[in-house]
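J.: Provide a 3D model corresponding to the input given below.
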Amino acid sequence: MTTQENAFTKRTLVTESELSGSRSAGWWAMLILILNEAVLFGSLIASYFYIRINSPDWPQANIPRPELLLPILMTVILVSSSFFMQWAESSIKHGNARRMRLALLIAMLLAVIFLLMQVYEYSASEFTPQSAAYGSLFFGITGLHGAHVLIAVLMNLFLQARAGLGHFSERRHLAVENTVLYWHFVDLVWLVVFSSLYLSPHL
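T.: Next comes the predicted model:
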């Protein structure tokens, strides 16, 4: 290999390594997006507790306290999906694209099950978004979170399509890292939503 070819190879390796982690502009862009979304959800949760503190009864309008069994199952399912997403990232970092694709598929299926359970919860609900401020906050916050889960599922599908085309390798996997980061954020938000909207009314 000539000196020129060797220099080109080194530049290529450096470029590929810079496409991963905090050294990448794409990673920071995803982090900034997540921070913006965190402010949005934080504002909604703060509004929920502000109205609750200033309401004589909670939930309002004789709305029953939320059932916990279904939300607990939903929580277990969604949190489990994060473990598979982390497995997917670990797999591609070790050069195992096939195992990554399997982990992505399992995580996506778990997220879809979560969304279907949320649709069922809405259909069986004894109140609507028009049922006082509580109803508006409940459906608004959980619905917004559900939309984020759907976005995460679409991102997962896009990753799987790219993985099928061989776009990812041990050195090149920024899109996987970013999607996993977003996925973990969405799951963390759900834990806050679950604690605030489902558990706190029972306290």
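J.: for the helix or strand containing Leu31, packing partners?
T.: Using DSSP states H and E, Leu31 maps to helix 25-53. Secondary-structure packing of helix 25-53 (3 or more C-beta pairs under 8 Å, 6 or more residues apart in numbering; DSSP states H and E): helix 132-164, helix 174-193. Where you see a C-beta, it was placed from the backbone N, CA and C, and this is true even at glycine.
J.: what secondary structure does Pro129 sit in?
T.: coil (DSSP: H, G, I helix; E, B strand; the rest coil).
J.: So for it, what's the nearest residue that isn't a sequence neighbour?
T.: Phe139 (4.2 Å; C-beta to C-beta, 6 or more residues apart in numbering).
J.: got a list of what the one you found touches?
T.: 122, 128-129 (C-beta atoms under 8 Å, 6 or more residues apart in numbering).
J.: 10 Å - rerun?
T.: 122, 125, 127-131, 146 (C-beta atoms under 10 Å, 6 or more residues apart in numbering).
J.: From these, list the buried ones, please.
T.: 125, 127, 131, 146 (16 or more other C-beta atoms under 10 Å).
J.: for those residues, which one is nearest Ala61?
T.: Comparing the buried ones among the contacts of Phe139 against Ala61 with C-beta to C-beta places Ser131 closest, at 5.5 Å.
J.: For that closest one, which non-adjacent residue is spatially closest?
T.: Going by C-beta to C-beta, 6+ apart, Ser131 has Ala61 as its nearest residue, at 5.5 Å.
J.: what's the pLDDT at Gly21?
T.: What the model reports as pLDDT for Gly21 is 71.
J.: next one: Gln160
T.: pLDDT for Gln160: 97.
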